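**Q** need coordinates for the following:
(10 chains)
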Number of protein chains: 10
Amino acid sequence: MLFHVRMDVRIPHDFPPEAGATLKATEKQRSQELQRAGTWRHLWRIAGQYSNISIFDVSGPQELHDILSTLPLFPFMEITVSPLCRHPSSIREDDK
Amino acid sequence: MLFHVRMDVRIPHDFPPEAGATLKATEKQRSQELQRAGTWRHLWRIAGQYSNISIFDVSGPQELHDILSTLPLFPFMEITVSPLCRHPSSIREDDK
Amino acid sequence: MLFHVRMDVRIPHDFPPEAGATLKATEKQRSQELQRAGTWRHLWRIAGQYSNISIFDVSGPQELHDILSTLPLFPFMEITVSPLCRHPSSIREDDK
Amino acid sequence: MLFHVRMDVRIPHDFPPEAGATLKATEKQRSQELQRAGTWRHLWRIAGQYSNISIFDVSGPQELHDILSTLPLFPFMEITVSPLCRHPSSIREDDK
Amino acid sequence: MLFHVRMDVRIPHDFPPEAGATLKATEKQRSQELQRAGTWRHLWRIAGQYSNISIFDVSGPQELHDILSTLPLFPFMEITVSPLCRHPSSIREDDK
Amino acid sequence: MLFHVRMDVRIPHDFPPEAGATLKATEKQRSQELQRAGTWRHLWRIAGQYSNISIFDVSGPQELHDILSTLPLFPFMEITVSPLCRHPSSIREDDK
Amino acid sequence: MLFHVRMDVRIPHDFPPEAGATLKATEKQRSQELQRAGTWRHLWRIAGQYSNISIFDVSGPQELHDILSTLPLFPFMEITVSPLCRHPSSIREDDK
Amino acid sequence: MLFHVRMDVRIPHDFPPEAGATLKATEKQRSQELQRAGTWRHLWRIAGQYSNISIFDVSGPQELHDILSTLPLFPFMEITVSPLCRHPSSIREDDK
Amino acid sequence: MLFHVRMDVRIPHDFPPEAGATLKATEKQRSQELQRAGTWRHLWRIAGQYSNISIFDVSGPQELHDILSTLPLFPFMEITVSPLCRHPSSIREDDK
Amino acid sequence: MLFHVRMDVRIPHDFPPEAGATLKATEKQRSQELQRAGTWRHLWRIAGQYSNISIFDVSGPQELHDILSTLPLFPFMEITVSPLCRHPSSIREDDK
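**A** Below is the predicted model of the structure:
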């Protein structure tokens, strides 16, 4: 089932740059694993923001939380979750 | 280019039901034409809300506005638009 | 899986009282069916508000939306949905 | 009597990790004592958030405050309290 | 136990004046009964607002809700409830 | 004349504990002097919050400000002030 | 003593124009009486808004409320009151 | 001098369509006169909104208010005004 | 022309007290010069807040910005500016 | 195509002044290059704020994000983006 997730990243200004770079590299790697697995179905950047909008395809809130809460940047993100379902006017079978 | 759009529908309680049904039927038809054309790329319902989250693929803000402002339900919707761009960690070529 | 739902009821002041009474009676009946089925697991009133806080146990966002959007009072409610999962400190097996 | 409590945890990024781990372990222990005593009746994680939603069964606001304000993580939490009462449509005798 | 309640009154502009006057007179009568009974312990007007701030002394959220939800102006009020308890610096024995 | 004051205390996590304890002790002493003088008429804790709701009886905004701005915890408090007046339905002569 | 008051006027679109004109004329007359009496010390329009910012010089919250709540447009105004006092850097003796 | 103005138009659903059409036609005419006069320097539509963002070049807040408050759609608009001045990094002489 | 300005001062808790005292003394001196020049026409303290409400009489947004942005406390203030104009009901010639 | 961008700058109080001065100088240089290229079409200061309002003329959200996210002050700015399009009442051919 699908969940719409917005993540706003707020890394403190005094966070050590090298530690930050490591976090971001690990985050990217993890994100791409999840994309390849089909779990992180879409990932967009919001123009002008250090934020993304994502669509996750998971077995439920538990799997979603397990994924989000173990992302390397989780302690530095504001996260908003909206459960999605099929829109009656949608023509795409898999948008559900 | 892609735009993320959230639409919250608020039809007044005293709106004539038949006129409302006609509006919704025309809205559905228009939405499906735009989906088939590839312009309205994704369309999801937010669970528990009379709202949708959509991804539009248009030539720019002008085409987006022309589409949204001529939707039959436009006068009854709160609309929020976020321009999207490619996320550097995305592995999907067309999510841009 | 569990979803936390808050419903704030706003019936317009000029809504016909009899139609309102019918809606509420049907809503109560439907709510009790869903409680007996185990789907609407908890239902509380917030003191001083025409609002409730509920816990639903459903198969996913689609079933949740199908239930909420067909409640008789749906057109008159502001609804907020939060997906829940098991808290690592919880000792109750079924609070997940 | 029942109170609905939402706790959002915000531990500063520069808080010493060991002190943090101790706080969380003590919090978990205290939380489970209160759950076993029937005082902390429900405890859920909100998916994607470092937050919980809880139902407390206490003798009144004083006991609730004494419990919440002595939780180890209290200085790091935003807390929202809503007093609950029995919903007229509820079929559960103990949801009051 | 004590609850702090703020009530903001919003009577629609097209509400029949006579019905409004009746509601207000009944509300005043009910409010004074509850004050004499010691249940509605304090009642103040906020300067410049059609609003009051009140302190209720009740047996719990259920009694509070039963009182508030049966006030004649209840359908026209925004109500905010905050449970109170004794402040450790208070010198008044009954402010609890 | 009466003023309703809400104070939310936010002491930074890295504030020296001893300095904090001294501030709180002085604050308590000052608060009790003002209560004994009849100036700080009521003082309640909001359950679950490091916050109080207070009623002050002062000669005007100037005296109120002189009192609040010299409280030891003033630099660490969010303060909201609402001027009160007699409610036409109140039966308490001194609630004005 | 001085109070800062902001008034935002919201007359419903379907309010009878003649009744509206009468209300506004009476409001203007009352406002000018109070200005001449020195009670309504300043009155400014906020550019682009159907709103004013005013300074009242009254004996306390009670007089302020009696004035504001009997203004002809009171039922159609959002009012925000801030009690003022002398600023320690002010050089104007009467700005208190 | 320049002012940034955002106007959000909210015409009630039950407003007579012909009266609405007349208002909009007059608004357009008035807007174009002011644009030709150089007073209404820029006028953009926000994509997806019945809203505009405008830059006015006027002699001061009084002229701005006289213009805005006599626009035919003024009673149906939420207006936000921000006074602008020259940015120290700007290279355009007339952006002041 | 007149501008209404609200300034909320937020000096960080770890700011060196001597540097803070110097800033405040310079701010006071600058404020009084501008008051004597007639530019800073009114200056009030909001009771219970480390905030002021001020009326400035300047030649336009540019002069206002030059004044506000060079105040010693500018980096520590939240500032809100509202352009004012003459109210049609005002009887004071200079309140424009 | 045009985008309306508001940038609010928030440089932490403990940021090294020299590093800050370097950032600002580089930001100014970059801003002027983009203005000369016609990409950063307008740039205004909001009076009383450390904020600007800008109009960008870019090929789409991707170019806009590439520009904004590489501005030297990007990590210290709150940015709000609104896509613009031609207003049907505009008489300026290039305001689109």
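**Q** all strands of chain A, in order?
**A** A:2-9, A:40-46, A:51-57, A:77-86 (DSSP state E).
**Q** winner for burial among those strands?
**A** strand A:40-46 (a mean of 22; mean count of other CB atoms under 10 Å in any protein chain shown). For glycine as for every other residue, the C-beta is placed from the backbone atoms N, C-alpha and C.
**Q** now it and strand B:40-46, what's the angle there?
**A** On the basis of axes from the mean of the first three to the mean of the last three CA atoms, to 10 degrees, strand A:40-46 is oriented at 110 degrees to strand B:40-46.
**Q** contact partners for the most centrally placed residue in chain A?
**A** The centroid of chain A falls nearest to A:Ser54 when counting by CA atoms, centre = their mean (5.0 Å). Contact partners of A:Ser54, counting by CB atoms under 8 Å, 6 or more residues apart in numbering or on different chains, are A:4-7, A:40-44.
**Q** re earlier: I'd like the strands of chain A as a markdown table, with mean pLDDT appended.
**A** Output for the strands of chain A, formatted as a markdown table (pLDDT from 0 to 100):
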| stretch | mean pLDDT |
| --- | --- |
| strand A:2-9 | 98 |
| strand A:40-46 | 98 |
| strand A:51-57 | 98 |
| strand A:77-86 | 97 |
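**Q** these: which one's closest to C:Ser59?
**A** Distance to C:Ser59, taken as CB to CB, is lowest for strand A:77-86 among these, at 11.2 Å.
**Q** the closest one pairs with which strands?
**A** Note on strand A:77-86: by DSSP bridges, its sheet partners are strand A:2-9 (antiparallel), strand B:40-46 (antiparallel).
**Q** and A:Leu73, how far is that from C:Leu64?
**A** Per CB to CB, to the nearest Å, A:Leu73 is found 29 Å from C:Leu64.
**Q** so how far is I:Ala21 from A:Lys28?
**A** 48 Å.
**Q** my guess is A:Arg86 meets A:Asp94, correct?
**A** No - look at A:Arg86 against A:Asp94 with CB atoms under 8 Å: they stay out of range, at 9.6 Å.
**Q** now check the helix ranked longest in chain A, is it near chain B?
**A** When chain A is parsed with DSSP state H, its longest helix is helix A:17-36. Yes - Helix A:17-36 is in contact with chain B by CB under 8 Å from any CB of the partner chain, via A:27-28, A:31-32, A:35-36.
**Q** among those, who's most crowded?
**A** A:Ser31 (23 neighbours; other CB atoms under 10 Å in any protein chain shown).
**Q** which pLDDT does the model give the closest residue to chain F within chain A?
**A** Proximity of chain A to chain F (CB to the nearest CB) peaks at A:Asp14, 13.0 Å away. What the model reports as pLDDT for A:Asp14 is 87.
**Q** residues contacting it?
**A** The contact partners of A:Asp14, taken as CB under 8 Å, 6+ apart, are J:Pro12.
**Q** let me see the backbone angles for it.
**A** The phi and psi values for A:Asp14, taken as degrees, to the nearest 10, are phi -100, psi 20.
**Q** isn't A:His42 up against B:Lys96?
**A** No - assessed by CB under 8 Å, A:His42 is found out of contact with B:Lys96, at 11.1 Å.
**Q** give the contact list for the residue nearest to A:His4 when sequence neighbours are not counted.
**A** Closest residue in space to A:His4, ignoring its immediate chain neighbours: A:Ser82 at 4.3 Å, by CB to CB, 6 or more residues apart in numbering or on different chains. Listed by CB under 8 Å, 6+ apart, the contact partners of A:Ser82 are A:3-5, B:46-47, B:53, C:81.
**Q** can you tell me which of the residues you listed is nearest D:Gly60?
**A** Using CB to CB, these come closest to D:Gly60 at C:Val81, 30.5 Å.
**Q** name the nearest residue to that closest one, ignoring sequence neighbours.
**A** B:Gly48 (4.2 Å).
**Q** so that neighbour makes contact with C:Glu78?
**A** No - shown here, B:Gly48 and C:Glu78 do not form a contact pair, counting by CB under 8 Å, at 10.2 Å.
**Q** which residues of chain A lie near chain J?
**A** Going by CB under 8 Å from any CB, the residues of chain A near chain J are A:13-14, A:45, A:47-50.
**Q** just those now: which is nearest G:Ser90?
**A** Once CB to CB is applied, the member of these that ends up nearest G:Ser90 is A:His13, at 37.0 Å.
**Q** the nearest residue to that closest one once chain neighbours are set aside: how many residues sit nearby?
**A** Closest residue in space to A:His13, ignoring its immediate chain neighbours: J:Pro12 at 5.4 Å, by CB to CB, 6+ apart. As a burial measure, J:Pro12 scores 11 neighbours (other CB under 10 Å).
**Q** same question, the one 4 residues further on
**A** Using other CB under 10 Å, J:Pro16 has 8 neighbouring residues.
**Q** can you give me phi and psi for it?
**A** J:Pro16 adopts backbone torsions of phi -60, psi 130, taken as degrees, to the nearest 10.
**Q** just to revisit the earlier point, can you point out the buried residues in the longest helix of chain A?
**A** By neighbour count on 16 or more other CB atoms under 10 Å in any protein chain shown, the buried set for helix A:17-36 is A:23-24, A:27, A:30-31, A:34-35.
**Q** save those residues as CSV, and put in distance to chain I and pLDDT too.
**A** Output for the buried residues of helix A:17-36, formatted as CSV (distance: CB to the nearest CB, whole Å; pLDDT from 0 to 100):
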residue, distance to chain I, pLDDT
A:Leu23, 26, 96
A:Lys24, 28, 97
A:Glu27, 31, 97
A:Arg30, 36, 98
A:Ser31, 35, 98
A:Leu34, 39, 98
A:Gln35, 41, 98
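**Q** JSON lines for the residues you listed, including distance to G:Val58?
**A** Formatted as JSON lines, the buried residues of helix A:17-36 follow (distance: CB to CB, whole Å):
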{"residue": "A:Leu23", "distance to G:Val58": "58"}
{"residue": "A:Lys24", "distance to G:Val58": "59"}
{"residue": "A:Glu27", "distance to G:Val58": "59"}
{"residue": "A:Arg30", "distance to G:Val58": "63"}
{"residue": "A:Ser31", "distance to G:Val58": "61"}
{"residue": "A:Leu34", "distance to G:Val58": "64"}
{"residue": "A:Gln35", "distance to G:Val58": "65"}
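**Q** tell me the one among those residues nearest to chain D.
**A** The nearest one, if we look at the buried residues of helix A:17-36 relative to chain D and count by CB to the nearest CB, is A:Leu23, at 11.6 Å.
**Q** OK, contacts around the closest one?
**A** Each residue near A:Leu23 by CB under 8 Å, 6+ apart is listed here: A:72-73, A:76.
**Q** which ChimeraX command selects the buried ones in the residues of chain A next to chain J?
**A** The ChimeraX command for the buried members of the residues of chain A next to chain J (criterion: 16+ other CB under 10 Å) is given here:
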select /A:45,47,48,49,50
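**Q** now the two most distant members of the residues of chain A next to chain J.
**A** Across the residues of chain A next to chain J (CB to CB), the longest gap, 27.3 Å, separates A:Asp14 and A:Ala47.
**Q** so A:Gln32 touches B:Ile91, yeah?
**A** Yes - assessed by CB under 8 Å, A:Gln32 is found in contact with B:Ile91 at 5.5 Å.
**Q** picking up where we left off before, more crowded one of A:Leu73 and C:Leu64?
**A** Using other CB under 10 Å as the criterion, A:Leu73 and C:Leu64 rank with C:Leu64 on top: 23 against 17.
**Q** mind checking pLDDT for the more buried one?
**A** pLDDT, the model's per-residue confidence, is 98 for C:Leu64.
**Q** ok, A:Ile55 to chain J distance?
**A** 18 Å (CB to the nearest CB, to the nearest Å).
**Q** that residue and A:Thr39 touch, don't they?
**A** No - between A:Ile55 and A:Thr39 there is no contact under CB under 8 Å: 10.1 Å.
**Q** gap between A:Pro75 and chain B?
**A** For A:Pro75, the distance to chain B - CB to the nearest CB - is 18 Å.
**Q** for the residue nearest to A:Met1 when sequence neighbours are not counted, what are its contacts?
**A** Closest residue to A:Met1 apart from its sequence neighbours, by CB to CB, 6+ apart: C:Gly60 at 4.4 Å. Residues near C:Gly60 by CB under 8 Å, 6+ apart: A:1, A:60, A:83, A:85, C:1.
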